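Asker: Fold the following and give me the result.
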Amino acid sequence: MTRLAVAALALALAVTGAACGGSGEEDVAATAPATEPSETGCREVEAPAPRESEGDASERQITALLASETWTLTFATSCGTFVVTLDLESAPKTAGSLVQLARAGYFDDTIFHRIVPGFVIQGGDPTQTGSGGPGYSTVDVPAPDAAYVKGVVAMAKAGTEPPGTSGSQFFVVTGADVGLPPEYAVVGEVTDGVDVVELIGTLGDPATEQPTQPVVVESVTVASAS
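Answerer: Below is the predicted model:
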């Protein structure tokens, strides 16, 4: 990938990556029943109905996670399952927020609304617009040498927001090293199911950055181990 292309993609991530403080979540239409895998290797499913943003939750308290434990989020998707191990050293507030959101079912029946082959897959927005969020934000400034390489999970933000600002929208890097600046909170890495992430990463239109078929996050399960 050329340096110019990387710069353009980085700008796109900052601009379309999301407002962190969207509002409210309503009841959702259930994901369509599972079907046989399509030629892509993913089940053909209908995209769930978009949800409205929640009201302001700027005063929400984030419960700190025990640093002595290993915390994981298991994403069950229409393309398979992948596991993210959270990085409490790099992004403790963001990790705590994601765990609380996952436990509340915030990510269930959402889609990867932005897929850029060879760059990132992005989800975490119930509105499916790229501008939704939980109504609050956290800040975990990434290290100056933060590297956005394949399998890294980081948080999207608007270009005007300070480094490390996070809402609910996350992205998983699918390129070998996409050369992003240290602006995005690094919240973890994919430790199982990288092949699923790679598969999802092929299902995007490079020109529009839109998915070529719905990829649904059916559930996100939290686990911890000492």
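Asker: Could you pull out the helices in this structure for me?
Answerer: 3-16, 92-103, 194-201 (DSSP state H).
Asker: Among those helices, show the one with the smallest mean pLDDT.
Answerer: Ranked by mean pLDDT, those bottom out at helix 3-16, with a mean of 42.
Asker: So what's the residue count around residue 174?
Answerer: 25 (other CB atoms under 10 Å). Where C-beta positions appear, they are placed from N, C-alpha and C, glycine not excepted.
Asker: can you tell me which residues contact it?
Answerer: 117-121, 150, 197-198, 200-201 (CB atoms under 8 Å, 6 or more residues apart in numbering).
Asker: can you pick the most crowded of these?
Answerer: Busiest of the contacts of residue 174 [other CB under 10 Å] is residue 120, holding 30 neighbours.
Asker: residues near the residue nearest to that residue when sequence neighbours are not counted, how many?
Answerer: Excluding its sequence neighbours, the residue lying closest to residue 120 (CB to CB, 6 or more residues apart in numbering) is residue 171, at 4.2 Å. Per other CB under 10 Å, the neighbour tally for residue 171 reads 26.
Asker: Residue 171 pairs with what?
Answerer: residue 122, residue 154 (DSSP bridges).
Asker: surely it meets residue 156?
Answerer: Yes: applying CB atoms under 8 Å as the test, residue 171 and residue 156 come out as touching, 5.5 Å apart.
Asker: Centre-most residue in this protein?
Answerer: The residue lying closest to the centre of the chain (CA atoms, centre = their mean) is residue 170, at 2.5 Å.
Asker: Could you give the average pLDDT over stretch 157-169?
Answerer: 96.
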